[in-house]
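Chemist: just a sequence and a predicted model for now, questions to come.
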Amino acid sequence: LGPDPEGKAPPNTYRLPNTTNLHVHGMHVSPLGHSDNVFAHVPPGSERVYRYELPWDHSPGTFWYHGHLHGSGTLQVGGGGAGVIIVEDPPN
């Protein structure tokens, strides 16, 4: 993907269509650092490693993630930018 168009726009208007980040639903994780930081920007041609540290008593289940950058999240999710995270029971 090419660079995003230049220019400033209010946060929740269409902008930065090729920049993204990830947000998870249902998981009890920190919003800081390389975890569930919805204010992070991952521009075109770059990468970001996400690390989710789950509490020892986190419920197992099927959770979901999606692109969350304000201004492009709807376009990205509607285009398939979402997925599942499966948390299994810890071994006995």
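Modeler: Structure's in. What do you need? Bear in mind the structure is a predicted one, so any value in this text is a computation, not a measurement. Numbering: from 1, shown residues only.

Chemist: give me the buried stretch members for the lowest-mean-pLDDT helix or strand in the chain, please.
Modeler: When each helix and strand of the chain is scored by mean pLDDT, DSSP states H and E, helix 73-78 comes last, with a mean of 92. Across helix 73-78, burial judged by 16 or more other Cβ atoms under 10 Å covers 73, 75, 76. To be clear about C-beta, it is placed using only N, CA and C from the backbone, and glycine gets the same treatment.

Chemist: in the protein, what residue sits furthest out from the centroid?
Modeler: Here the chain reaches farthest from its C-alpha mean at residue 92, the gap being 31.2 Å by Cα atoms, centre = their mean.

Chemist: nearest to residue 14, of the buried residues of helix 73-78?
Modeler: Using Cβ to Cβ, residue 75 comes nearest to residue 14 of those, at 7.3 Å.

Chemist: contacts for the least confident helix or strand of the chain next, please.
Modeler: Contacting residues not belonging to helix 73-78 are listed as 14, 17, 20, 66, 67, 69 [Cβ atoms under 8 Å, 6 or more residues apart in numbering].

Chemist: mind listing residues that contact the helix or strand harbouring residue 66?
Modeler: Assigned by DSSP states H and E, residue 66 falls within strand 61-67. By Cβ under 8 Å, 6+ apart, the surrounding residues in contact with strand 61-67 are 20-27, 73, 76-77, 81-87.

Chemist: for it, buried residues please.
Modeler: Under the neighbour-count criterion of 16+ other Cβ under 10 Å, strand 61-67 has 63, 65, 66, 67 buried.

Chemist: please apply the same query to stretch 28-40.
Modeler: By 16+ other Cβ under 10 Å, the buried positions in stretch 28-40 come out as 29, 35, 36, 37, 40.

Chemist: what sits against the residue positioned nearest the centre of the chain?
Modeler: Centroid-nearest residue in the chain: residue 22, 0.7 Å away (criterion: Cα atoms, centre = their mean). By Cβ under 8 Å, 6+ apart, the contact set of residue 22 is 36, 50, 65, 66, 67, 68.

Chemist: show me where pLDDT drops low in the protein?
Modeler: Where the chain drops to pLDDT under 70, the residues are 1-11.
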